[in-house]
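# can you look at this prediction? I've put the sequence above it.
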Amino acid sequence: MRIHVTFIDRVGITQEVLALLGERRFNLEAVEMVPPHVYIDAPTLGAEVLEELRGAFLGVKGVQSVTVVDILPGQRRHLQLDALLSASSDPVLAVDERGHVLLANPALIALCGREPAGESLAQVFDDDVLHTLVSHAFRLPMREVSLGGRTLLLDAMPINAAGALITLYPPSRIGERLSALRHDPAGGFDAILGASQAIQKLKARAHRVGGLDAPLLIQGETGTGKELVARACHAISKRREAPFLPLNCAALPESLAESELFGYAAGAFTGAQRGGKLGLLELADQGTVFLDEVGEMSPYLQAKLLRFLSDGCFRRVGGDREIRVNVRILSATHRNLENMVSDGQFREDLFYRLNVLNLHVPPLRERGQDILLMAEHFMQQACAQIQRPVCRLAPSTFPALLDNRWPGNVRQLQNVIFRAAAICEHPRVDLDDLDIARTAVDGQQTREIGSLEDAVARFEKDLLEQLYPSHPSSRLLAARLQTSHTSISMRLRKYGIPGKS
């Protein structure tokens with residue numbers, strides 16, 4: 001039975017309370033003194049004895065109450081701590097100032113295959129980290145260690161002068177955090193704007209192949225949104241809860257790209273990070289690595305990547321240990337890899353390894369009806385970003401937007417709209433506010449224009465033909481173009497557009 005005695009704090013009262021217990025020779029498992037409280041755990045204390053003991057306690061000057069409790073505060077804290085440690089999926093252990101293990105959670109015990117309490121850290125880890133941790137009072141940046149042949153990251157938190165709390169993380173845990181920091185909250189296929197037939201065809205195919213656990217090659221011109229497609233495919237795959245980490249192969253020299261992708265061992269080269277460095281493949285274990293502009297990869301890296309795709313193993317730069325991870329490779333390029341293979345610029349065997357599944361992202365000029373939709377979306381986005389009232393594109397800008405070839409595709413369109421939103425002083429963005437206006441108008445000059453009325457009529461007809469498939473009625477078109485139903489009906493009849501009201 002466990003009892004709780006409360007009293008008025010005075011000198012000697014705790015000794016008097018404990019003396020009453022000593023006189024009765026109770027078998028005490030625990031006594032917790034937290035003045036003005038005493039908590040007593042006496043397994044042999046029965047209900048018949050409790051009343052007599054309660055009377056004796058209340059006879060002591062200053063004792064106020066004697067009640068039965070389910071558990072002592074210290075026992076409750078101990079159970080809560082055990083539950084907390086057990087709930088952690090990461091291995092955790094507490095050590096004293098000499099580096100001897102005081103306690104370990106179930107995840108650490110399972111990893112070790114034994115209860116390590118009482119052992120030195122030198123006995124727990126494969127490599128000697130004890131001297132380094134103790135000599136630096138456990139104040140070190142996260143470092144790599146090996147336990148049971150498995151690579152882990154060790155994070156030590158000093159606890160005054162009493163030792164430290166050590167947590168071990170698999171590399172992919174850090175990859176998850178990197179992925180979360182880089183991830184576009186819009187994510188998934190909702191981030192791919194457009195309703196054109198070309199983009200609907202892309203989304204339908206991507207839904208079919210995105211969830212398959214095999215390499216995927218995404219081809220398309222620069223700025224078409226290949227990384228958005230890759231992220232969307234990752235989001236519907238079984239790896240969606242694991243990291244998605246991108247690497248732009250064109251942005252880094254060969255040596256840096258190699259160390260970013262494969263990591264490097266301790267002392268691999270002058271200036272290398274102490275203890276080595278994890279590469280994206282280790283950080284993304286069980287997840288996805290996206291190789292952007294894979295066509296720019298050097299022949300040496302192509303060979304190393306081919307080897308990894310063959311058996312899932314690789315070696316870090318300067319390392320001699322084989323590392324095996326489970327990673328899906330998504331790659332993208334704006335170049336024609338088949339032509340590069342024919343010209344000897346890209347390995348044929350690697351091309352077939354990467355091109356198990358494939359997608360083609362259409363250029364913006366083939367997605368005509370999406371241009372105005374995306375322009376309006378980017379305008380709202382830009383106004384929110386620069387914190388100005390929402391402005392709108394004037395109808396006079398539509399021909400320039402629709403006729404432009406957009407060599408930079410979606411990225412170029414977004415930049416043009418952002419500049420217009422930043423520069424325009426009015427709530428209505430006109431043709432003169434777009435940097436592309438001159439190019440678009442010059443392109444139109446190649447057409448034969450007899451009069452202003454002819455030009456306006458041609459623009460109206462082109463615009464209605466462009467929008468009608470996605471707004472197949474005069475009422476829908478009127479709502480889309482913010483004009484009257486009667487006006488749209490009249491123009492549909494005038495230009496003989498199919499389905500006119």
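Nice, thanks for sending it over.

# contacts, neighbours, all on C-alpha from now
OK.

# pLDDT score for Arg10?
Per-residue pLDDT puts Arg10 at 78.

# ok, now which ones touch Gly319?
Gly319 makes contacts with 264-266, 268, as judged by Cα atoms under 8 Å, 6 or more residues apart in numbering.

# can we see that at 7 Å?
264-265 (Cα atoms under 7 Å, 6 or more residues apart in numbering).

# can you list the domains in this protein?
Using automatic domain parsing, the domain ranges for the chain come out as 2-75, 88-169, 178-360.

# quick one: terminal-to-terminal distance for the shortest one?
Across its full length, domain 2-75 reaches 11 Å between end residues, using Cα to Cα, to the nearest Å.

# returning to that earlier point: what's the closest of the domains of the chain to Leu413?
Between Leu413 and the domains of the chain, the tightest spacing by Cα to Cα is seen for domain 178-360, at 9.4 Å.

# adding distance to Gln387, write the domains of the chain out as a markdown table.
Conversion of the domains of the chain to a markdown table gives the following (distance: least, Cα to Cα, whole Å):
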| stretch | distance to Gln387 |
| --- | --- |
| domain 2-75 | 54 |
| domain 88-169 | 39 |
| domain 178-360 | 20 |
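
# looking at the chain, which helix or strand does the model trust least?
helix 437-444 (a mean of 44; mean pLDDT, DSSP states H and E).

# show the subsequent helix or strand relative to the helix or strand Cys233 falls within.
Secondary structure assignment for Cys233, by DSSP states H and E: helix 226-235. Using DSSP H and E, the helix or strand that follows helix 226-235 towards the C-terminus is strand 244-248.

# now do that following strand: which elements does it pack against?
Where contact means 3 or more Cα pairs under 7 Å, 6 or more residues apart in numbering; DSSP states H and E, strand 244-248 is packed against strand 288-292.

# would you mark the buried spots in the following helix or strand past the strand it packs on?
Sequence-wise, the next helix or strand downstream of strand 288-292 (DSSP H and E) is helix 299-311. Neighbour-count burial for helix 299-311, counted by 16 or more other Cα atoms under 10 Å, picks out 301-302, 304-306, 308-309.

# try stretch 331-340
Neighbour-count burial for stretch 331-340 [16+ other Cα under 10 Å]: 331-335, 337.

# show me what contacts Phe125?
146-147.

# please identify the buried residues of stretch 114-127?
So for stretch 114-127, counting by 16+ other Cα under 10 Å, buried means 115-117, 120-121, 124-125.

# also stretch 339-353?
345-347, 350-351, 353.

# of those, closest to Leu492?
Once Cα to Cα is applied, the member of these that ends up nearest Leu492 is Phe351, at 50.0 Å.

# secondary structure element for that closest one?
helix 348-354.

# so which of the domains of the chain is nearest Leu372?
Closest among the domains of the chain, using Cα to Cα: domain 178-360, at 9.6 Å.

# and that closest one, how far out from the chain's middle?
16 Å (Cα atoms, centre = their mean, to the nearest Å).

# now, which of the buried residues of stretch 339-353 sits nearest Ser470?
Closest to Ser470, out of all of the buried residues of stretch 339-353 and judged by Cα to Cα, is Phe351, at 38.1 Å.

# let me know the pLDDT of that closest one.
Reading off the model, Phe351 has pLDDT 96.

# distance of it from Leu337?
To Leu337, Phe351 is 7 Å away according to Cα to Cα.

# and what of Cys383?
Relative to Leu337, and taking Cα to Cα, Cys383 is found at 39 Å.

# same check, this time on Pro395
41 Å.

# shaky segments in the stretch 101-250 of the chain?
Within the stretch 101-250 of the chain, the segments meeting pLDDT under 70 span 161, 178-187.

# ranges for the helices of it?
In the stretch 101-250 of the chain, the helices defined using DSSP state H, counting those that start in this stretch lie at 106-112, 121-124, 130-135, 171-182, 197-210, 226-235.

# pLDDT weak spots in the stretch 251-400 of the chain?
For the stretch 251-400 of the chain, the stretches flagged by pLDDT under 70 are 270-275.

# go again with 90.
251-256, 263-279, 316-323, 365-369, 385-390, 395-400 (pLDDT under 90).
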